[in-house]
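Peer 1: quick one, structure for this:
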Amino acid sequence: MIVDEASQRTFAVSIFVLIQAWKLFDLVTIKVGEDTGRDSFSFVVKYIFVDGLFIWTLSLLNILGLSYGPVRALLYSVVLFAISLVGISNGFTPLANGFIESVAKVVRDHKELTIAGERVVAENAIDLDSHFKGKYTINFLPDASARMNPFGFNLLCLDGSKTVVNMPIEFNTTSALGSFQIQRITENNNKVTLLNYTKSDITRFQKKDYTHLKKYPKYRADDERIFYLEYPITTPGTYTIKSVTDENGISIRTYKSVFKIAQCPLVEFVPTHTNTNYWCLEDTAVPQQLSLPLVKVKAVFPAVVKYIATLNGKPYHKFETKVENENNGEGSASYTRNFLEQELYKHPEILAKAKPGAIEFHLSEIKDGLGVSRRFNTALKETNVWHKLVLKGSIGLKLVDKSPQEDLIENGDKTLFIESLNIEDSEFPISITFQYDGNGSDILLHNITKIFQTREQLSKGINVKSQGKYNIISALSKFCPCKFSKNQYVSLALAQKAHVKISASPVTDACIGTLGYIFDFDFIGKPPFQVDYQVYRNHSGTLSPVYDSTGSTIRHIKTSFRSFKFEYKPETEGNFVVKFSKLKDMNYYAKPIQLEDKVNTYETYFKKKSQVSFSKSGHGLMIIRPCYNESVDIPVYFTGNGPFSFAYSLIDITSGEKLIQSVPVKDVTGEYVIQTPKLTKSARYKVDILNPVDGASCGVVKHSSDSVIIESRGEIPKVSIAEDLKIIKIVEGDSYRIPLDFQTDVGRQTSDLLRFKHVVDSSKITFGELKSSENFIVLKEGTYSLESFSNGGCNGEIVFPQRSITIEYYERPSISVIAEDVASTPIPGHFELHKVCQTGSRRATLKFSGSPPFVIDYTVKLPNGKIESGSMTSNSKSMIINLPTEQFGTYEHSFTGIFDSHYTKQKQRLNQDITTNIRYEVRANPLAVFTKDQNFLQVCESNFKNSKLALPISFTSGDSPFTVSFKLDNDRQFTIENIVKDIVDISEHVTHLDVGEHLIEMINITDSNGCTSSELSTNDKYVIHITETPDVERVGIKTDYCVGDHVYYNLSGVGPFTVFYRFRGQLQRAQVLHSFRRLAAKAGTLEIEAITDSSRGSCLVNFTQTPVKFEALKLTVHELPSVEINQGDNIVENIHEGDQAEIKFTFKGTPPFRVKYIRTVEDKQKKRLAPVVVETKVLQDIWDYEHHELVNMEGTYEAVEIYDSHCHVIKQ
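Peer 2: Numbering: from 1, shown residues only. From the prediction side, this is the model:
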């Protein structure tokens, strides 16, 4: 047999649900603790196997919709395993119980209607337990006792924060307490006081919550006769129970129990006015006198005080002090002594091993003679439990000379610095005394004391001006003496004064004479040395300074040698003065030594050799670039002793060939011009000056860097347009590069200039220039030709001057519209079309000029105000477009841009002036709907034939009159014309309809404009519901009911229904659907008189006019029976074992009666919270309303079931 996939899935899901239900059952069994042999471990192992087997088997079956792979199978297995673990854990039970109780409460608190019309909770409407009143309890009298401090409290005390200690008493009795008495003996004076607690005190104690006592191991919850009370203790002393009586004055046996309590021990620091918070660390372990706070101790002696010392925030030492009673007595006392100071003398290592920082003493604990201890939080910084002593170490000081290489100069000073170790800002001010020893002379020996207020002052050291030895002899910080070495000295010596000896020897030439000086320097002092000097020119006795290359008048000579030579030669001829003014060495650098002017000033007349140059301004390379077939004039300048003689030549640098051989020249006074022949060869020439001499036949100086280079050209530069009479078409806004041919032997230069002519027409001719560029780029229409050209400063030649280039623009694209059915054209390019029906046809023809393909941008303004934009493409010069008519209202088409193959969107940079648009109005197609909330008709079958049926129709668009076609029940159609109102009479078309539901819908609408709508909403229908006559039937055959039962009636017809009924003589009505269900909360007779349905005709059926039907619907509700034991009271009778007692039962209801009662006792082993039923008995066939029964067993007697002739009640 083949099983379909849906059945397979159903079967698999059913198996999974059964496994989880089985798991839940096992879990509940384990939780309630039933002896099933199961435990948590076996539960988890079992369902790892069962869940895993199901998950992996299901993955192999590959059922559609339940298929998965190994990874998901493993994941599902882990999830089910986790659910099993959570379920077996202790935390699941409260969650599950809470959820079940919440659901049960919602179900339990559900309210329902009674026959009388009241809405009540079913469980609360009828109190079944109220039918069982009274209990009879028989107790056998037991023994009684009382015990104080049953949990063995000790180490308790009284202090300011806890002024009351509640002492528990354990009572073992079934009798109510009457009073008890407590004896207190005061500690110091042995005064005896009796504390009496009466019935009212006991009642007040019993109202307190004693659940906190359950945490003690000796707490007894297994015996209901044992209970606990607490009385307050506010005064130290020894307490015992003196006596206990019950409410009848009978004494209760007491156990011997004594409890002793005192004031809590107290310890604290007591500061004194001599306390200081620091101490200097010295060589000795403990100073002779410590300034520490006193310690105040108040406790029962002997007491032990414990301390904790921390050093720099870390644990350092623990110690304690034992305090005895100085009067050798017992009890509380108070002492204030220097216990902390004494402990430090006993333990000198506490301070001896300490390091600089902060040592903090904390009171950690005090323990009195009773063993009561009190601990303190050592993190607190309060002065009564904490004292801080700052341990100051000595500051290390050292006097140093940071620049020993610098000696003390004459009339100068020097700074000696003080190096410090481990110094803090809080140590200031620091006072230091220095000793000065003037080279062993007692006369010069004296002390210098200076106080440094801040670290900045200390860092500046001290200034000294005398040579000798300096050392520190004493130093004291704000807190402690400082460490230093008395034998450490700083020695200062007086620096040797710098000196220089200068000697000069002239530098001479055989032809000229003195050219300069050589100066010899011999230095005394500490190198390096620097000599400052100035140079002056003497003009007829007037000295004017000569500036160096930096523009300064002061020049410097620097050397690290003690002997040094310096040569000075002026650049020009004249009378010069050299003056050496200052001397510096390493020691006298800041204060240079002034040199004597008369000894160190040198004056003489310096001469210069004759010179030749190609330039008046100086020496350098000169390049001359002549044009083709031009000669060059080269000036030559002489300075010195004339007249001059020389020779020159012109040499080709590349080939070495001389264009001009050596040409001698004589008797030149100052300037001579060399003229070259016309140069027609492209070459580089060099001008050479040969054998220049002056008037004294001495050689003339010619600098090697002074030269002239001639770069000649071998041709005339030329340019031409590459092509002739060419017409170029471009897109307006684009550019075109006119190709040029250049012919030049030096290439294009930055100074090149090309002049051209631009002719648009005969009346518009312009000229332009193009500088230093090979690209001849044009943008505008017209004819372009070349006019002139220069290259490298030389005029060129235009080759083919008749050549030209003509630039023309491509035609711009344009658009025109030919529209159908045009109503008017208010302005050119704007078309108003005739109105058209919605979804009708409208077309327009577009004509284009330009080069296809064309791209046309357009916008459409829709009737709803929204504007849509887009583009369309055409490969020809015309196209037909369909205009939209989907929405009713006014459309407006605007053509915003047109582009062709040349003027594309990417190249278009011109503003387009397109003013073409089309405007037309679309009439809305007629629409109609059945009027909302009026598209349903419900009527009784009997009223339908004679009623007039008018359909309520709302026309939402279109112009009247309308013609509408209808469809009835999908099998018949009819049409109604000339509809001008919203009410359409269709009575003649529906006379054949019978009971049931019938649908009418509109399938076509045409208005007076001829616009038609045939696609109407299929959900818009008019419903005619013809109903039958309503009826009611009673469910069940019995006619007698009890209070608490439910009565049922079923109704047929069009609901909801209105039921008219009479109960206990009161006429009522109820709105119901298809059933009438009520709770019988009271006794009485129920009669159904009439019902109406919910059809439009509101059909009414009156049952009082049909007696048979009326009696068939009638029923009676009877009262529940009840029983009372001993007039409904809870009687407790204390009897001795073997005596008898009588129970009296009283009944209400209709005889005969049958009653069931039970006897319960408390579970003495406390395995169950509820009493245990030990006896059950049934009494029956009782025709009287009262019955007596004799009993003699201990327990509580109560009735649990009662029956009469109609009903029965079971106690909840």
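Peer 1: partners of the closest residue in space to residue 1016 that isn't next to it in sequence in the sheet?
Peer 2: The shortest distance from residue 1016 to any non-neighbouring residue, by Cβ to Cβ, 6 or more residues apart in numbering, is to residue 1002 (5.5 Å). (Glycine included, C-beta is placed from N, CA and C.) Listed beta-bridge partners, residue 1002: residue 966 (assigned using DSSP bridges).
Peer 1: so residue 1002 makes contact with residue 928?
Peer 2: Yes - assessed by Cβ atoms under 8 Å, residue 1002 is found in contact with residue 928 at 6.2 Å.
Peer 1: common neighbours of the two, please.
Peer 2: Here residue 1002 and residue 928 have 953, 964 as joint contacts, going by Cβ atoms under 8 Å, 6 or more residues apart in numbering.
Peer 1: can I get stretch 415-428 in PDB, CA atoms only?
Peer 2: Output of stretch 415-428 as PDB, limited to C-alpha atoms (Å, rounded to 0.1, in the frame of the first residue of the first chain):
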ATOM      1  CA  THR A 415      76.800  78.700  38.500                       C
ATOM      2  CA  LEU A 416      77.300  75.600  40.700                       C
ATOM      3  CA  PHE A 417      74.300  73.200  40.600                       C
ATOM      4  CA  ILE A 418      72.800  71.100  43.300                       C
ATOM      5  CA  GLU A 419      71.700  67.500  42.300                       C
ATOM      6  CA  SER A 420      68.900  66.100  44.400                       C
ATOM      7  CA  LEU A 421      67.600  62.600  44.800                       C
ATOM      8  CA  ASN A 422      64.100  61.500  45.900                       C
ATOM      9  CA  ILE A 423      62.800  65.000  46.400                       C
ATOM     10  CA  GLU A 424      59.200  66.000  46.400                       C
ATOM     11  CA  ASP A 425      57.500  69.400  46.300                       C
ATOM     12  CA  SER A 426      56.300  69.000  49.800                       C
ATOM     13  CA  GLU A 427      59.900  68.900  51.100                       C
ATOM     14  CA  PHE A 428      60.400  72.700  50.400                       C
END
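Peer 1: other residues contacting it?
Peer 2: Here stretch 415-428 makes contact (Cβ under 8 Å, 6+ apart) with 356, 393, 395-402, 432, 452-455, 458-464, 470, 477-479, 490.
Peer 1: can you show me the helices along the stretch 51-200 of the chain?
Peer 2: 70-88, 92-108, 122-125, 199-206 (DSSP state H, counting those that start in this stretch).
Peer 1: for the stretch 701-850 of the chain, same thing?
Peer 2: Taking DSSP H, counting those that start in this stretch as the criterion, the stretch 701-850 of the chain contains no helices.
Peer 1: okay, now the unreliable bits of it?
Peer 2: 725, 773-774 (pLDDT under 70).
Peer 1: ok, now which ones touch residue 660?
Peer 2: 648, 649, 650, 676, 677 are the contacts of residue 660 under Cβ under 8 Å, 6+ apart.
Peer 1: shouldn't it be within a strand?
Peer 2: Yes - judged by DSSP: H, G, I helix; E, B strand; the rest coil, residue 660 forms part of a strand.
Peer 1: now do it against residue 637, distance only.
Peer 2: Per Cβ to Cβ, to the nearest Å, residue 660 is found 20 Å from residue 637.
Peer 1: next one: residue 340 from residue 303, what distance?
Peer 2: 15 Å.
Peer 1: between those two, which one's more packed in?
Peer 2: A count of neighbours by other Cβ atoms under 10 Å puts residue 303 above the other of residue 340 and residue 303, at 26 against 20.
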